[in-house]
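Engineer: no sequence for this one, just the structure:
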């Protein structure tokens with residue numbers, strides 16, 4: 001199996017949707033999160049990933065459903081590697097007017113109908129099919145995923161920190177880190193800003209997000225880099241704009257998170273950004 005990866009971005013006038021078509025043998029995704037859902041189908045081989053404290057395997061005939069902001073990694077489960085197609089819908093796009101967001105307790109499900117619908121929608125979108133047909137396939141696929149595998153939430157998504165005051169402190173830390181990706185505060189400045197000791201701040205933040213502040217910041221830089229690259233900015237310019245030391249530093253982290261180099265991602269989503277409106 002030859003390693004390859006292509007990102008496609010489509011826009012229906014309200015939402016932008018990223019799609020990944022990839023084959024990997026040796027690539028290993030670093031532990032990271034997505035701001036969106038990740039819904040994928042394997043078309044060959046088996047992927048292995050760590051998610052919510054458990055190791056999962058997703059092979060042909062299975063559907064993987066990962067929720068936003070949930071740390072996970074990814075690698076081949078066997079020497080032959082794996083190929084898959086993944087959609088990354090935002091919560092608003094997936095729910096499209098539903099009042100509440102369902103929970104997806106099972107990271108991997110075996111459901112031939114849902115697998116068929118997700119793969120058909122992905123293929124239609126990446127092939128540039130008739131917009132109405134592609135939108136219809138996507139709507140049917142998302143409805144099937146929610147109806148067949150979504151569960152009613154018992155309450156709001158829990159914060160891993162122990163109390164509301166801690167949650168507010170975590171939000172403040174995230175806001176301060178995101179305010180200037182190029183010039184982050186020191187650990188002591190972060191801790192002083194929320195009136196915690198550095199150690200206590202580190203423990204609470206990691207408990208809530210799954211990452212220490214410095215790793216969370218790097219992942220935010222990758223996220224910001226994706227937006228700039230999709231807008232056509234060159235990798236060299238992006239590296240400095242989001243706080244990486246240089247283009248090589250950006251490339252190293254970007255590939256660990258997305259599976260492709262910044263230049264390959266920019267070329268994929270720029271060629272072309274398909275409009276479905």
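Structural biologist: Cool, the structure landed. Every value quoted in this text rests on a predicted model; they were computed, and no experiment measured them.
Engineer: endpoints of stretch 102-122, how far apart?
Structural biologist: Chord length of stretch 102-122, first to last residue, is 22 Å (Cα to Cα, to the nearest Å).
Engineer: just for the stretch 101-250 of the chain, where's the confidence low?
Structural biologist: Residues of the stretch 101-250 of the chain meeting the criterion pLDDT under 70: 154-162.
Engineer: is it true that residue 238 touches residue 249?
Structural biologist: No. Using Cβ atoms under 8 Å, residue 238 makes no contact with residue 249, being 11.2 Å away. The way it works is simple: take the backbone N, C-alpha and C, and place the C-beta from them, glycine included.
Engineer: of the two, who's got more company?
Structural biologist: Neighbour count, other Cβ atoms under 10 Å: between residue 238 and residue 249, residue 238 has more, with 23 against 14.
Engineer: how about the contacts made by the more buried one?
Structural biologist: 225, 228-229, 250, 262 (Cβ atoms under 8 Å, 6 or more residues apart in numbering).
Engineer: tell me which helix or strand it sits in.
Structural biologist: Assigned by DSSP states H and E, residue 238 belongs to helix 235-242.
Engineer: any idea of the mean pLDDT for stretch 25-45?
Structural biologist: For stretch 25-45, mean pLDDT rounds to 96.
Engineer: that older thread, give the other helices and strands that whichever helix or strand comes after the helix holding residue 238 contacts.
Structural biologist: Downstream of helix 235-242, the next assigned helix or strand under DSSP H and E is helix 247-258. The helices and strands touching helix 247-258, judged by 3 or more Cβ pairs under 8 Å, 6 or more residues apart in numbering; DSSP states H and E, are strand 29-32, helix 213-230, helix 235-242, helix 262-270.
Engineer: perfect, that will be all.
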